[in-house]
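Engineer: Sequence and predicted structure below; questions after.
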Amino acid sequence: PVPSPVVTPENTPNTPSKPQVAIPSSGVWVRIQYPGTFTGSLGSRGSMREVNSSGDRFYQIPATGGIIEAQITKADGSGDLLMLELYRDGNLVRRMNSTKPHGILYLNAVL
């Protein structure tokens, strides 16, 4: 008899993939990403709103043009990345970030 080969199954590690975030396809949006707490305000002149959150958040700006403003502050002294992105109709207009403890991002963009 001919011996049959022994097959040893290989363990392929599952590497978790980072989920893709759907960028809204219409309107003006501000995306803020920070693992800790962030605070601040954002909007267009005459229509600002306060924010206080953490994680990956999208905020719609009720404007189609004009000046968009934001001031976002880290609420802690970590060196983690705080990122702010401005989108218009699904397209990235501006990206800003900071790793400074208690870092502040100021956005002033004309759309």
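Structural biologist: Perfect, thanks for sending it. Residues are numbered from 1 along each chain as shown.
Engineer: In contact with the spatially most central residue of the chain, which residues are there?
Structural biologist: What sits nearest the mean C-alpha location of the chain, by C-alpha atoms, centre = their mean, is residue 33, with 3.6 Å. Listed by C-beta atoms under 8 Å, 6 or more residues apart in numbering, the contact set of residue 33 reads 55, 56, 57, 81, 82, 83, 84, 85. Where C-beta positions appear, they are placed from N, C-alpha and C, glycine not excepted.
Engineer: Equivalent analysis for residue 98, please.
Structural biologist: 74, 81, 82, 104, 105.
Engineer: Could you rerun that using 7 Å?
Structural biologist: Residues in contact with residue 98 (C-beta atoms under 7 Å, 6 or more residues apart in numbering) are 82, 105.
Engineer: quick revisit: now the helix or strand hosting the residue nearest to the centre of the chain, how far from the chain's geometric center?
Structural biologist: Using DSSP states H and E, residue 33 sits in strand 28-44. Relative to the centre of its chain, strand 28-44 is centred 8 Å away, using C-alpha atoms, centre = their mean, to the nearest Å.
Engineer: Check which residues of that strand are buried.
Structural biologist: Buried residues in strand 28-44, counted by 16 or more other C-beta atoms under 10 Å: 28, 29, 30, 31, 32, 33, 34, 38, 40, 42, 43, 44.
Engineer: between those, which is nearest residue 95?
Structural biologist: Comparing the buried residues of strand 28-44 against residue 95 with C-beta to C-beta places residue 31 closest, at 9.1 Å.
Engineer: So which bits of stretch 55-70 are buried?
Structural biologist: Neighbour counts over stretch 55-70 (16+ other C-beta under 10 Å) mark 61, 63, 68, 69, 70 as buried.
Engineer: Among those, give me the pair with the biggest separation.
Structural biologist: Top of the distance list for these (C-beta to C-beta): 63 and 70, 12.5 Å.
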